[in-house]
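> Need the 3D shape of this:
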Amino acid sequence: MTIMRSRADKLGRMVSLVKLQLRLAEWQLAHLRQQEQSMQDEQEWLVGTLNEGKAPAGSSSESLARRLNRTAVGARVVKEQASRQLDQVRAESRRVKQLEEVAKAALADKLREAEKRSLEEMTGTSLTVREWTPRPASRNKT
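Here you go, the predicted model:
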């Protein structure tokens, strides 16, 4: 039936869209993790530089300490964002799985309907008409 076909098609498009949203959320999470790693690397370098007591040319230990503080604050913010993004990825993943199940069921309905129409065309009768047609009385005498 066209209703089944359109429903299955719409659900298929929805699954594709939600999968794209999931991929975007995963990409954003990967980007946040890269930022987090970059900030951690910078923190390690700053701590090492401060511990050595040898500030690079044009920098003082105070400016390195301020930079380390800003980097630490930024790393915490990025870590919190990454945590929220991970929750988003998990939610999107569950949503994809649920929609895939619904779409799979709708596609199965669509295929059953197509098979029914095909059988009706082959037999030249409508199954619904046959269901309403009275059957002849049985002539078995016992």
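> Helix or strand with the lowest mean pLDDT in this protein?
Every helix and strand of the chain was ranked by mean pLDDT, DSSP states H and E. The lowest is helix 127-132, at a mean of 57.
> three-state assignment of the residue nearest to the spatial centre of the chain?
Nearest to the geometric centre of the chain sits residue 22, at 3.3 Å (C-alpha atoms, centre = their mean). Here residue 22 is recorded as helix under DSSP: H, G, I helix; E, B strand; the rest coil.
> Before we move on, what's the pLDDT of it?
Listed pLDDT for residue 22 reads 94.
> OK, contacts around it?
89, 92-93, 95-96 (C-beta atoms under 8 Å, 6 or more residues apart in numbering). C-beta: built from backbone N, CA, C; applies to glycine.
> Just the buried ones out of the residues you listed, please.
89, 92, 95-96 (16 or more other C-beta atoms under 10 Å).
> one step back: can I get the contacts of residue 22 in a markdown table with pLDDT and secondary structure?
Formatted as a markdown table, these follow (pLDDT from 0 to 100; DSSP: H, G, I helix; E, B strand; the rest coil):
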| residue | pLDDT | secondary structure |
| --- | --- | --- |
| 89 | 96 | helix |
| 92 | 94 | helix |
| 93 | 95 | helix |
| 95 | 93 | helix |
| 96 | 94 | helix |
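> same question for stretch 33-48, mean pLDDT?
The average of the pLDDT scores along stretch 33-48 is 94.
> Revised request: answer the last question for stretch 67-83.
Taken as a whole, stretch 67-83 carries a mean pLDDT of 95.
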